[in-house]
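Q: What follows is a predicted structure for the sequence shown.
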Amino acid sequence: MARILCLDIGERHTGVAVTDRTQTIARSLPTIHHQDQNALLAAVNKLLTTIEVSRIVVGLPLGLSGNPTARSEKVTRFSRRLGKATRIPVELFDESLSTVTANKVLNQALNPRRRAVERPATGRSRRRRDAVDRVAATVILQEYLAARPSQ
């Protein structure tokens, strides 16, 4: 069985996760750093040459009210483009609070002394940001898998 790929698309950084072949467990992959949507599309296409994927799940950033936002419209347009370019079905899935959950997971995983080093007062380090992006994509994919009807 082919894997499911998940993208948590950001303006310049996109978290990536993939399932195992049984489509039951999600694991993170390295964050994709990109300047624009063309670069992101090229990076995803390159990734797809190394992983057999039957579906792509894209996190849909809805507003707090649950309604679409300008950002969600942009992600929706890119998802359509991605589906056409890859010829792989693309499914949007609500990503609400995935970044909040990812931060909580990372905070629990780090001991208190290391947390202070990872999050300097001046802002998040790149390493921390990459970790949040990866974990958020994994959270979205795990929630997607849990929401699917039993196969």
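A: Received, thanks. Note that this is a predicted model, so its numbers are computed, not measured.
Q: hey, where'd the helices end up in this structure?
A: Shown for the chain, the helices assigned by DSSP state H span residues 37-48, 70-86, 98-109, 112-118, 126-147.
Q: so who does residue 47 touch?
A: 5, 16, 29, 32 (CB atoms under 8 Å, 6 or more residues apart in numbering). (Glycine included, C-beta is placed from N, CA and C.)
Q: what's the closest non-adjacent residue to the third one?
A: With CB to CB, 6 or more residues apart in numbering as the criterion, residue 29 has its nearest non-adjacent residue at 4.2 Å, and that residue is residue 16.
Q: Least confident secondary structure element in the protein?
A: Sorting the helices and strands of the chain by mean pLDDT, DSSP states H and E puts helix 112-118 at the bottom, at a mean of 52.
Q: Give the residue spans of this protein that score low on pLDDT.
A: Residue ranges of the chain with pLDDT under 70: 97-124, 150-151.
Q: try it again with 80
A: By pLDDT under 80, the low-scoring segments of the chain are 64, 96-126, 128, 150-151.
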